[in-house]
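[1] this is a predicted model, with the sequence first.
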Amino acid sequence: MFNFDGDFRPRRPQQNFGGASQKSDRLTIIRKAQQERQKREDARRQQNGATVIQSSVRSFVQRQAVKGRERDRFDEYRRTCGVRNLQDLEYLTKRIVFFYHGRNGKDGDRLIFLCQYVIKNPKEIFEAAATQPMWTYRIKKLLGLCLQQIFVPEHSPTIPMRMLEIYSSNAYVGKYIPEEPTTGTASSSRTYLEAIFCYLIRQKYFRIVRRLIEEKIPPVDEDTTTIPNPIAEALLQMLLRPLKLLPTANEAFNASILQSFSVHILSPDFSAQIKHYIVPALAASTDFPYISLVRFIAEEYQGRLDYQNTILVDIDDDMDGGGVTAESTPVSKKARKNPDQESLQLSSSLLYSVMKLGENQFDKLNTEELYSAYVKVLSSMVSNLTKLPRLALVTYQPRQDDSSDSESDSEDVPMLTNCENQTLSEIIAMLNDNQRVSYVVSFIDDILDKSEVVQHLCLICHNLMTYNRLAVYQYKLLYMLASKPQFVRSLWYTLTAQTASQGFSSPISLLSKGLTISKYDSDRIVPILASFCALFGRLIATLHDGEFCQENVLPGTVSKIMPFTIPEIIPLSTTLKEISLGLVELAFPETRSSLKDSYRTMLTSLNNESTSHYRLKCDPNEQSKNVWPHLLKVCVSLLRQIHTRDLRRTFCPDGHWTAQNLNLPLDKPTDLHLSRRRGPRPFQPIRDFTREDVEDGPPLSTKQIRSITILREIPFVVAFNTRVGVFQGLVAADKLRTQGDLQGFLQGPSIQLTVRRSHLYEDAFDKLSPMNGESIWEQSIFYLDETMYMHSLCQTKLYEILYLGKRFSDRFCVCGKVVSCD
């Protein structure tokens, strides 16, 4: 009943024969559990992947087996019955649509067999299509197979192209499908053609036609509308057939046709056949829907701008791969998932095509709506001109410190093909031809109150001026716009209206304070401001002082040649002065980013969300290397012209030109090294410190660079007494470096000149001219510091005033040149 084995101890020690036990901490247990879950997840993925691959292989094998059986049935029916009527054609068409494959040569024979019957019997086919929609579906499927069959090397493309010609041509369709004279409804033939081309466009109809054009038509070297090649006219008509249907009431159909046509024909890089034959032939055709094309591109561009404003990112960051330089476009996430989505590239080829196709269409663009769309289209693609290297100035002789500017202009120039380079040059010529300029200028008075159209016009002008420094003097479009005072006036008040509405946060106010503005604001404001400064400067350069001051204008009337009155010029010049000083601060900021473009791109790709602020609020240095220096140059140039007028007429109040809050180290002029080999480059990254720079001394500080820039570009914003002190300090420092202690006792080398105040101009020409005063110039070779004095005298005009007095401060002559003085 009871059993006792001698073990009376309740707790007996347990011995582990597997080794010593090991305690794991919490993190180790969690990590092991995670690794086990990951192994199970990988096993499930491998199992699912194997299942998917096996099912795909089985389905492929099964489909090929089914297609093989259908091919056998097709061949058997073809041998026994052939094609006698629509029932036979229906039986065979169903099967060939199912199993056709372009790489199978026998499928090509089967398709050609069916096409021969369809080509021989168009009447009964069209009658069936007019009454039964299913036959329209079968025809468009056969035409889609014919598109694939054209480039099969084993077969001739004649029969497929003939098939496309008959069953997609309005001449044949209108012959067999009767018109319906009912009002408010489309005809049967038009409905049929829309259904056919809606399907063919999805099958890349225009891409296939372009490939045919480039392979079948020989290259040409000049523009022509006729080529002695029988297939050239057929391919041109093949290209025009879907375009002849436009415009229709179906907006989606219109957009699909124009989208595919632009993407595959006009937008890609030109071939010789497209540029010299297709585009001129389309321009000469009366059936080409040019107005529809302009409206489509304008709506496409406006949609991109709306998309940009909605998500607050920069389009150009995604378009450098040009254009809205513009080469690609941002699309929504839904569109990115669709591989068939075609994105229109706003390329230089498309801009050339639009301008070439519209040479004879200006009489049709006779409304403000069409004019606005046309200008918007040009402005959307004119940024492609920045791909060209900046036009070199043959007659321009830069200063010694401008060598760095020329170096910066030649950096980062994109490599262009000869064709694209020639295309962009022709675009500039077409922008300035007489007919187009007359059309653009004719609507100026009607669109002055439309800020959007004015902005697009300024964008065109701005890109031309960025490419060519003398564009406002050489391009007809610009100097014709400059001759429109009301247009120049509207530019300024477009800027001031935005300032009044936004207050201290407006872009103009931010620029005046030397603060960076967003990319969106810069794209909107900089073209208008730069265009205003350039055009207004071009206009007032042609005006006499009396015309500028409007002396002969009756009170209460408006001048026809001067856009502003004197009371309006005063606040305008104040704003320009503040903008110029702000741009100098932006050109030489206190701190600069030293990140390389590749490293910045890597950081941007890591986290797009975290870098959205950088894309929104980017530094002007990163926006463009030509836009901001050009803006500074034209602002300073206009400010100088107004200041020169004020010197002669004195219409501004006392102290108007002096900047009150100028925080510059002008009290130590010896620190301003004006004789360096290479001057600072505005809006450029920090330059490497070279061996030549070491000889010139330590690098300049930001305040020193700003001081030098202001003294060279706009010295009149500095008080007169301050400038005199700066000049004397520079002369004294130069004497100390070259003569040492001798200069303190008047023992150093010197050149003595005697100038009579009563004969100031005569003595200046006689004694300072290189031709008449040869001994002076020969002697100055040995005394470099005296030559420096004379050049400094030419630049600043300050030291001479101390001796000549106020009576001669208006004008005096130095080295044979008449120079205005403060």
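    Good, I have the coordinates.
[2] thought residue 635 was touching residue 580?
    Yes: contact criterion CB atoms under 8 Å: residue 635 and residue 580 qualify, at 4.9 Å. In this view, the C-beta of every residue, glycine as well, is placed from N, C-alpha and C.
[3] ok, then the element right after the helix ranked longest in the chain?
    Secondary structure of the chain per DSSP state H: the longest helix is helix 26-80. Using DSSP states H and E, the helix or strand that follows helix 26-80 in sequence is helix 86-99.
[4] list the buried residues in that following helix.
    Neighbour-count burial for helix 86-99, counted by 16 or more other CB atoms under 10 Å, picks out 86, 89, 92-93, 95-96, 99.
[5] as JSON lines, those with pLDDT and distance to residue 275 would be great.
    Listed next are these as JSON lines, based on pLDDT from 0 to 100; distance: CB to CB, whole Å:
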{"residue": "86", "pLDDT": "91", "distance to residue 275": "46"}
{"residue": "89", "pLDDT": "93", "distance to residue 275": "43"}
{"residue": "92", "pLDDT": "94", "distance to residue 275": "43"}
{"residue": "93", "pLDDT": "94", "distance to residue 275": "40"}
{"residue": "95", "pLDDT": "93", "distance to residue 275": "44"}
{"residue": "96", "pLDDT": "94", "distance to residue 275": "39"}
{"residue": "99", "pLDDT": "93", "distance to residue 275": "41"}
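[6] can you list the domains in this protein?
    The record's domain parsing of the chain by automatic domain parsing lists 69-278, 451-592+609-664, 747-822.
[7] quick one: closest of those domains to residue 425.
    Residue 425 lies closest to domain 451-592+609-664 among the domains of the chain, at 10.3 Å (CB to CB).
[8] how far does the closest one stretch from one end to the other?
    One end of domain 451-592+609-664 to the other measures 38 Å (CA to CA, to the nearest Å).
[9] how far does it sit from its chain's centre?
    The chain centre lies 21 Å from the centre of domain 451-592+609-664; the measure is CA atoms, centre = their mean, to the nearest Å.
[10] check stretch 141-150 too.
    Centroid displacement of stretch 141-150 relative to its chain, using CA atoms, centre = their mean, is 39 Å.
[11] so what touches that stretch?
    93, 96-97, 100, 102, 108, 111-112, 114-115, 118, 155, 157, 160-161, 163-164, 167-168, 196, 199-200, 203-205, 208, 212 (CB atoms under 8 Å, 6 or more residues apart in numbering).
[12] can I get that stretch in PDB, CA atoms only?
    Extracted C-alpha coordinates of stretch 141-150, given in PDB (Å, rounded to 0.1, in the frame of the first residue of the first chain):
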ATOM      1  CA  LYS A 141      -8.100  46.200 -83.100                       C
ATOM      2  CA  LEU A 142      -7.000  45.200 -86.600                       C
ATOM      3  CA  LEU A 143      -5.500  48.700 -87.100                       C
ATOM      4  CA  GLY A 144      -3.600  48.400 -83.900                       C
ATOM      5  CA  LEU A 145      -2.100  45.100 -85.100                       C
ATOM      6  CA  CYS A 146      -1.200  46.800 -88.400                       C
ATOM      7  CA  LEU A 147       0.700  49.400 -86.400                       C
ATOM      8  CA  GLN A 148       2.800  46.600 -84.900                       C
ATOM      9  CA  GLN A 149       3.200  44.800 -88.200                       C
ATOM     10  CA  ILE A 150       4.700  47.800 -90.000                       C
END
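[13] quick one: buried residues of that stretch?
    141-150.
[14] closest to residue 376 among the residues you listed?
    Within the buried residues of stretch 141-150, the smallest distance to residue 376 is 34.4 Å, found for residue 147 (CB to CB).
[15] looking at this, residue 246 is in a strand?
    No: checked against DSSP: H, G, I helix; E, B strand; the rest coil, residue 246 lies outside a strand; its state is coil.
[16] what about it, how many neighbours?
    18 (other CB atoms under 10 Å).
[17] show me what contacts it?
    Residue 246 neighbours (CB under 8 Å, 6+ apart): 254, 257-258, 289, 292.
[18] and these, which are buried?
    Buried members of the contacts of residue 246, counted by 16+ other CB under 10 Å: 254, 257-258, 289, 292.
[19] quick one: residue 391 is in a helix?
    No: assigned with three-state DSSP, residue 391 falls outside any helix and is coil.
[20] I'd like the numbering to begin with 7 instead of 1 from here.
    In the new numbering, first residue 7, that becomes residue 397.
[21] now the helices for the stretch 257-406 of the chain?
    Applying DSSP state H, counting those that start in this stretch to the stretch 257-406 of the chain gives helices spanning 257-267, 278-279, 285-290, 296-317, 339-342, 354-363, 374-387.
[22] low-confidence ranges, the stretch 307-456 of the chain, go.
    For the stretch 307-456 of the chain, the stretches with pLDDT under 70 are 317-347, 398-420.
[23] next up, the contacts around residue 113.
    Applying CB under 8 Å, 6+ apart to residue 113 gives the contacts 77, 102, 105-107.
[24] picking that back up, let's see which of the contacts of stretch 147-156 end up in helices.
    Per DSSP H, the contacts of stretch 147-156 map to helices at 99, 102-103, 114, 117-118, 120-121, 124, 166-167, 169-170, 173, 202, 205-206, 211, 214, 218.
[25] does the residue lying closest to residue 453 once chain neighbours are set aside count as helix, strand or coil?
    Distances taken as CB to CB, 6 or more residues apart in numbering put residue 459 closest to residue 453, at 4.4 Å, once the chain neighbours are dropped. Secondary structure of residue 459, reduced to three states by three-state DSSP: helix.
[26] pretty sure residue 459 contacts residue 450?
    No: using CB under 8 Å, residue 459 and residue 450 do not qualify as a contacting pair, with a distance of 9.7 Å.
[27] looking at these two, which one has more neighbours?
    Neighbour count, other CB under 10 Å: between residue 459 and residue 450, residue 459 has more, with 22 against 17.
[28] and the gap between that one and residue 379?
    Residue 459 sits at a distance of 10 Å from residue 379 (criterion: CB to CB, to the nearest Å).
[29] same deal with residue 209?
    Distance, residue 209 to residue 379, by CB to CB: 30 Å.
[30] more neighbours, those two?
    Higher neighbour count among residue 209 and residue 379: residue 379, with 23 against 16, using other CB under 10 Å.
[31] got the contact list for residue 549?
    So residue 549 contacts 567-568 (CB under 8 Å, 6+ apart).
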